[in-house]
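Colleague: Structure for the following, please:
(one chain, ligands or ions: 1)
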Amino acid sequence: MDAMSVEELRKLPAVSRLLELPEARELIAQYGHARVTEALRTALQAARQAIQAGDIAPSHEALLADTAQRLSMALTPSLVPVINASGVIIHTNLGRAPLSERARRAAAGIAAGYCNLEYDLTEGERGSRYVHAARLLKQLTGAEDALVVNNNAAAVLLVLSALARDREVLISRGQLVEIGGGFRIPDVMRQSGARLVEVGTTNRTYVRDYAEALHPVNTALILRVHHSNFTLSGFVYEPTLKELVALGEEHGVPVMDDLGSGSLLDTQQFGLAHEPTLQESIAAGAALVTASGDKLLGGPQAGLILGKAEFIARLRRHPLARAVRVDKTTLAALEATLLSYLEGRALEELPVWRMIAAQPEALHQRVQRWRRRLQAWGVKNTTIISTQATVGGGSLPGQQLPSWALALAVSSPDSLAYHLRQPPRGKTPVVARIEEGHVLLDARTVLPEQDEELLAMLRLALCDFATPSVTH
Ligand SMILES: *Cc1c(COP(=O)(O)O)cnc(C)c1O
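Modeller: Now for the predicted structure:
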């Protein structure tokens, strides 16, 4: 350390000295002596490090301001709502599917008090938590029975543990996928105690590959995994689910279909490729079908397991079922989401489908409105550009939905994007994307009810950012 740094370090006051200042007294009144002392120590430690890196010693005021900031941060939740202007509808990093108004109300209503989670109101005695949501899932998909767990990863783990432990599971080499966030099919298999038997090749797998690998005693399951986040194209072949079911039936081996996204609606009506639906897999005869609650289903995080009653019953009895069970608020939100489908109101009520179904013309009008509002505030450096939004969430890879975005031309797009993500405390962060030197705000993923907030946040960030063309 050089002489100057030593000198600067000496200027740092003792904690006891800072605690006597009037500003510190105010903080103590608000947060208590112990918390303030600790925060002062942390602030001093940070100052020491900054000095060692070449800074000068901060003033007492600056130290106390830093301390106040640390104290208020410590009492703020780290999980906060954000505005998704990224153009990726089911954005896993941003919490996947936003819940419908109906689902939010249902979850809040159940969270606020007691409920009949495991209580039979007819008999006045203990009931089963497994009845909730299962009835609706059966109606919607035609499955004999259903079980809801924490997420699809848990669903796969539970099925493999309960039905294939120490036995063999056949899977195509083209389906040994990584879904993201470290969820890899071979790893889950190992964890469950099932033995992986790879069949076919990366690009081509035939029914006869499965047939050759089938063992009359050792084979517990044939597993089909939806590719989810990538496409196979070119010289490729995979048997249909129906063909696998036929093979399985010949040998008394059930087929499990891990769909991931698990749509209930046909995505083709929106100009997208076909995403397999839960109903189709049940109709094709899969013994078990697994899917996420918060991907294309548009509900809360959950793992849905649908299928033959005898298998679902075995899953319920497995000890892991208890470890991966869902809570009452999830069940409430899931039931409300499923009711939207049953009533034929999914396209109007579920945010994910509203975003998928939004007409480009309507999105264009919204962006025009954003632009006019910003212009009225003196923000002139904007243009409207056509973009391609995506569904995301490991579904429909490469598929795009035409959309519109407001493009902000600024000298440092990274810096503006940072300001949008880091607004003053209590304000809503905005996640934008940067393309060709512009900050883009894609209308398809901004909930219409967030338009006003988005504009307020833009105004704030642009003022902070102080580009020459912005007047305050
Ligand atoms: C997304 C996905 C999973 C994991 O689902 P989570 O709900 O995130 O646990 C598993 N399998 C497939 C095929 C998926 O697409």
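Colleague: quick one: low-confidence ranges for this protein?
Modeller: 464-472 (pLDDT under 70).
Colleague: in what helix or strand does Leu440 lie?
Modeller: Assigned by DSSP states H and E, Leu440 belongs to strand 438-442.
Colleague: Repeat that for Glu250.
Modeller: When elements are assigned from DSSP H and E, Glu250 belongs to helix 241-251.
Colleague: how many neighbours does Gly124 have?
Modeller: 8 (other Cβ atoms under 10 Å). The C-beta positions use only the backbone N, C-alpha and C, and glycine is treated the same way.
Colleague: for Gly344, that is, sorry about that
Modeller: With other Cβ under 10 Å as criterion, Gly344 counts 8.
Colleague: That one belongs to a helix?
Modeller: No: assessed with DSSP: H, G, I helix; E, B strand; the rest coil, Gly344 is coil; it does not lie in a helix.
Colleague: show me what contacts the residue of the stretch 101-250 of the chain found nearest the ligand?
Modeller: Of all residues in the stretch 101-250 of the chain, the one sitting closest to the ligand is Asn152 (2.9 Å; Cβ to the nearest ligand atom). Counting by Cβ atoms under 8 Å, 6 or more residues apart in numbering, Asn152 touches Asp258, Gly260, Gly262, Thr290, Ala291, Ser292, Gly303, Leu304.
Colleague: among the residues you listed, which are in strands?
Modeller: Among the contacts of Asn152, DSSP state E puts Asp258, Gly260, Thr290, Ala291, Ser292, Gly303, Leu304 in strands.
Colleague: these two touch, right, the second one and Phe230?
Modeller: No: taking contacts as Cβ atoms under 8 Å, Gly260 lies outside contact range of Phe230: 11.9 Å.
Colleague: Next up, identify which helix or strand the closest residue in space to Ile384 that isn't next to it in sequence is on.
Modeller: Distances taken as Cβ to Cβ, 6 or more residues apart in numbering put Val367 closest to Ile384, at 5.2 Å, once the chain neighbours are dropped. Using DSSP H and E, Val367 sits in helix 360-376.
Colleague: what packs against that helix?
Modeller: Applying 3 or more Cβ pairs under 8 Å, 6 or more residues apart in numbering; DSSP states H and E, one finds that helix 360-376 contacts strand 382-392, strand 401-409, helix 451-465.
Colleague: buried set for it?
Modeller: Pro360, Leu363, His364, Arg366, Val367, Trp370, Arg371, Arg373, Leu374 (16 or more other Cβ atoms under 10 Å).
Colleague: now swap in stretch 299-318 and tell me
Modeller: Buried-residue list, stretch 299-318, by 16+ other Cβ under 10 Å: 299-308, 311-312, 315-316, 318.
Colleague: and what of stretch 84-103?
Modeller: Neighbour count says stretch 84-103 has 84-91, 94, 96-100, 102-103 buried, by 16+ other Cβ under 10 Å.
Colleague: Likewise for stretch 390-402?
Modeller: Those would be Thr390, Val391, Gly392, Gly393, Gly394, Ser395, Leu396, Gln399, Leu401, for stretch 390-402 by 16+ other Cβ under 10 Å.
Colleague: what about Gly260 and Phe230, which has more around it?
Modeller: Gly260 (25 against 11).
Colleague: Spatially nearest residue to the more buried one (excluding sequence neighbours)?
Modeller: Closest to Gly260 by Cβ to Cβ, 6+ apart is Ser228, at 4.5 Å.
Colleague: What is the neighbour count of that neighbour?
Modeller: Ser228 - counted by other Cβ under 10 Å - has 23 other residues nearby.
Colleague: on that earlier part again, take the contacts of Asn152 and write them to CSV, including distance to Met4.
Modeller: As requested, these are arranged in CSV below (distance: Cβ to Cβ, whole Å):
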residue, distance to Met4
Asp258, 62
Gly260, 59
Gly262, 63
Thr290, 63
Ala291, 63
Ser292, 57
Gly303, 59
Leu304, 64
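Colleague: Show me which of those residues is closest to the ligand.
Modeller: Gly260 (1.9 Å).
Colleague: so who does Pro429 touch?
Modeller: Val80, Val82, Ile83, Leu420, Arg421, Gln422, Pro423, Met457.
Colleague: Name the nearest residue to Val207, sequence neighbours excluded.
Modeller: Nearest one to Val207, counting by Cβ to Cβ, 6+ apart, is Pro239 at 4.6 Å.
Colleague: Pretty sure Tyr206 is one of the things the one you found touches, is it not?
Modeller: Yes: taking contacts as Cβ under 8 Å, Pro239 lies within contact range of Tyr206: 6.5 Å.
Colleague: Same drill for these two, tell me which one is more crowded.
Modeller: Pro239 (20 against 16).
Colleague: Tell me how far that one lies from Gly200.
Modeller: The spacing between Pro239 and Gly200, counted by Cβ to Cβ, to the nearest Å, is 9 Å.
Colleague: what's the answer for Val253, then?
Modeller: For Val253, the distance to Gly200 - Cβ to Cβ - is 17 Å.
Colleague: shared neighbours, Pro239 and Gly200?
Modeller: Tyr206, Tyr210.
Colleague: now the helix or strand Leu420 falls within and strand 401-409, what's the angle there?
Modeller: According to DSSP H and E, Leu420 maps onto helix 413-421. Relative orientation of helix 413-421 versus strand 401-409 (axes from the mean of the first three to the mean of the last three Cα atoms, to 10 degrees): 110 degrees.
Colleague: Return the set of buried residues in helix 413-421.
Modeller: Neighbour-count burial for helix 413-421 [16+ other Cβ under 10 Å]: Pro413, Leu416, Ala417, His419, Leu420.
Colleague: Report all helices and strands that that helix contacts.
Modeller: Judged by 3+ Cβ pairs under 8 Å, 6+ apart, helix 413-421 is in contact with strand 430-431, strand 433-435, strand 438-442, helix 451-465.
Colleague: Could you dump these into a markdown table and include distance to Pro186?
Modeller: As requested, the helices and strands packed on helix 413-421 are exported to a markdown table (distance: least, Cβ to Cβ, whole Å):
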| stretch | distance to Pro186 |
| --- | --- |
| strand 430-431 | 33 |
| strand 433-435 | 33 |
| strand 438-442 | 36 |
| helix 451-465 | 42 |
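Colleague: returning to what we had before: which residues are contacting the helix holding Glu250?
Modeller: 207, 210-211, 214, 216, 219, 222, 224, 253-255, 257, 280-281, 284-287.
Colleague: What sits closest to Thr205 if chain neighbours are left out?
Modeller: Ser172 (3.9 Å).
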